[in-house]
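K.L.:
here's a sequence, model it:
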Amino acid sequence: MIRAVLLSTAALIAAGTPALAQDEAAARRILERTPLIDGHNDLPWALRQQHGNDPHAVDLATNLDASTALHTDIPRLRAGGVGGQFWSVYVPASLPPVEAAKATFEQIDTVKRIVAAHPEVFELATTADDIQRIHRRGRIASLIGMEGGYSIDDSLGLLREFHDAGARYMTLTHSTTTTWADSATDAPKWGGLSPFGEEVVREMNRLGMMVDLSHVSEETMLDAMRVSEAPVIFSHSSARAVTAHPRNVPDSVLRLLPEDGGVVMVTFVPGFINEQVRAWSAARAAEDARLKSLSPGDPAAAAAALQAWIAANPVPRAGVADVVAHIQHVRDVAGIDPVGLGGDFDGVSALPDGVEGVDAYPRILAALMANGWTEADIRKLAGENVLRVMRRVEAVAASKRGERPNLARLPEAGAPD
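P.N.:
Take a look at the predicted model:
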């Protein structure tokens, strides 16, 4: 099935058929009425790293494709039909926890400064109703998503402060295992969530903050879904059965999503959506380690040798068909209700062919429509599924309004050996 989707989609895109152009126009019309809500965009971090953390350092009101490395600007957001954007307030997992907390608050400030710089385009949102109201006004609803539970520095008080500052989801881990949750790309310590990690999830439920399971291990996914009374999200993950990256969601978890009510927002990272790119990346990492071991005192020689290897082994290319295959697989396993979009624009150095910026969404939706997706299906994928999850998370929080804040603390014993 996956191979058939890839081949048929690739053929349609290569042919550039009039029917595909018509589907793209139809997709744009759908997005005029249904907000396309993307789960993860790292523009705030890109501004911090490349432009002095200043939204005025580049003119976001112009197309920056040719003049910068940015994937995001206002013309391309408009061309992509984006109606709601979760801006990621990512900071590196390598930071000490106190520094991570400080930097995350600074990134929240960056999001608010982006919105303030372009008030005719962006408006802050914290609820599903906000998104729909802002979209009806012709603006882009701007939401805040935290990426990495280490930013709360093991403090539920800090978690509450981040929620008060506007954060509406938190990814429980990033690339490394934390003091209370196992990451998908690090050695496990807890077999999922620790007891304190379970309390973090419960307090997120009480606050109305979505539990984001991108980056976490399969065991952490299962623990969080067991503990959470509200649906979970994967803000930027794809399907492991299609591409065997540990960052992706296995079918064992996808099959639980209809009952959980959550949503997987399919990401566009080439190594997560194309098996050849994933394998190449693994081979490159192995070759890099080998070359460094052969030249321990000469990093320049190792770097030159790696560049020669890359020249002899060029990276494969991913494309729109790969994105479609992952979206289709999530639907095939879990149904239409648990699927969404989470591009990870400006969080990666490379993107699939045909998906080079935030203007790509109508192209992706048109490819799905060419494969038989109906207007009702596209509406659910684009935004209705996320709005449903948000409303359920808000309802769970409303039901807990009388509960006191959770005072749980991380035990001083730390992680097991």
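
K.L.:
break down the stretch 101-250 of the chain into its strands, ranges please.
P.N.:
Assigned strands in the stretch 101-250 of the chain, in chain order: 122-124, 140-147, 167-171, 210-212, 233-234 (criterion: DSSP state E, counting those that start in this stretch).

K.L.:
adding mean pLDDT, distance to residue 382 and mean neighbour count, write those strands out as CSV.
P.N.:
The C-beta positions use only the backbone N, C-alpha and C, and glycine is treated the same way. Below are these laid out as CSV (pLDDT from 0 to 100; distance: least, Cβ to Cβ, whole Å; neighbours: other Cβ atoms under 10 Å):
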stretch, mean pLDDT, distance to residue 382, mean neighbour count
strand 122-124, 98, 19, 19
strand 140-147, 98, 13, 26
strand 167-171, 98, 18, 25
strand 210-212, 99, 18, 29
strand 233-234, 98, 15, 30
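
K.L.:
out of those strands, flag the one nearest residue 92.
P.N.:
Proximity to residue 92 (Cβ to Cβ) singles out strand 140-147 among those, at 10.0 Å.

K.L.:
export the strands of the stretch 101-250 of the chain to CSV and tack on distance to residue 251?
P.N.:
Supplementary listing: those in CSV, determined by distance: least, Cβ to Cβ, whole Å:
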stretch, distance to residue 251
strand 122-124, 37
strand 140-147, 25
strand 167-171, 21
strand 210-212, 20
strand 233-234, 14
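
K.L.:
out of those strands, flag the one nearest residue 84.
P.N.:
Of all the strands of the stretch 101-250 of the chain, strand 140-147 comes closest under Cβ to Cβ, at 4.1 Å.

K.L.:
contacts only, for residue 54.
P.N.:
Residue 54 makes contact with residue 47, according to Cβ atoms under 8 Å, 6 or more residues apart in numbering.

K.L.:
helix/strand/coil for it?
P.N.:
Secondary structure assignment for residue 54 (DSSP: H, G, I helix; E, B strand; the rest coil): coil.

K.L.:
please enumerate the helices of the stretch 101-250 of the chain.
P.N.:
Using DSSP state H, counting those that start in this stretch, the helices of the stretch 101-250 of the chain run over 128-136, 156-164, 195-207, 218-227.

K.L.:
next, the angle from the longest one to helix 218-227.
P.N.:
Put simply, helix 195-207 runs at 50 degrees to helix 218-227, going by axes from the mean of the first three to the mean of the last three Cα atoms, to 10 degrees.

K.L.:
how about helix 195-207: buried residues?
P.N.:
Across helix 195-207, burial judged by 16 or more other Cβ atoms under 10 Å covers 196, 197, 198, 199, 200, 201, 202, 203, 204, 205, 206, 207.

K.L.:
then the first one?
P.N.:
Taking 16+ other Cβ under 10 Å as the neighbour-count basis, helix 128-136 is seen to contain the buried residues 128, 130, 131, 132, 134, 135.

K.L.:
nearest to residue 347 among these?
P.N.:
Distances from residue 347 to the buried residues of helix 128-136, taken by Cβ to Cβ, are shortest for residue 131, at 21.6 Å.

K.L.:
and the host helix or strand of residue 333, what does it pack against?
P.N.:
If you go by DSSP states H and E, residue 333 is part of helix 320-334. Of the remaining helices and strands, those touching helix 320-334 by 3 or more Cβ pairs under 8 Å, 6 or more residues apart in numbering; DSSP states H and E are helix 2-15, helix 251-254, strand 263-266, helix 270-273, strand 339-341, helix 361-370.

K.L.:
contact partners of the helix or strand harbouring residue 288?
P.N.:
Element membership for residue 288, per DSSP H and E: helix 275-294. Contact with helix 275-294 is made by 242-245, 270-272, 299, 302, 305-306, 309-310, 313, 315-318, as judged by Cβ under 8 Å, 6+ apart.

K.L.:
what do you get if the cut-off is 10 Å, keeping everything else the same?
P.N.:
Contacting residues not belonging to helix 275-294 are listed as 2, 242-245, 247-248, 269-272, 274, 298-299, 301-306, 308-310, 313-318, 322, 350, 352 [Cβ atoms under 10 Å, 6 or more residues apart in numbering].

K.L.:
next, the buried residues of it.
P.N.:
So for helix 275-294, counting by 16+ other Cβ under 10 Å, buried means 275, 277, 278, 280, 281, 287, 288, 291, 292.

K.L.:
would you mind listing where this protein has pLDDT under the threshold?
P.N.:
1-16, 413-417 (pLDDT under 70).

K.L.:
which residue of it lies farthest from its centroid?
P.N.:
Most distant residue from the mean C-alpha position of the chain: residue 297, 38.7 Å away (Cα atoms, centre = their mean).

K.L.:
does that residue count as helix, strand or coil?
P.N.:
Three-state call for residue 297 (three-state DSSP): coil.

K.L.:
cool, the one 3 residues further on as well?
P.N.:
Three-state assignment for residue 300 (three-state DSSP): helix.

K.L.:
any idea how far it is from residue 291?
P.N.:
The gap separating residue 300 from residue 291 is 11 Å, by Cβ to Cβ, to the nearest Å.

K.L.:
equivalent analysis for residue 76, please.
P.N.:
38 Å.

K.L.:
repeat that for residue 243.
P.N.:
Counting by Cβ to Cβ - residue 243 and residue 291 are separated by 26 Å.

K.L.:
also residue 374?
P.N.:
From residue 374 over to residue 291 the distance is 51 Å, taken as Cβ to Cβ.

K.L.:
quick one: terminal-to-terminal distance for stretch 231-239?
P.N.:
Length of stretch 231-239, first residue to last, Cα to Cα, to the nearest Å: 19 Å.
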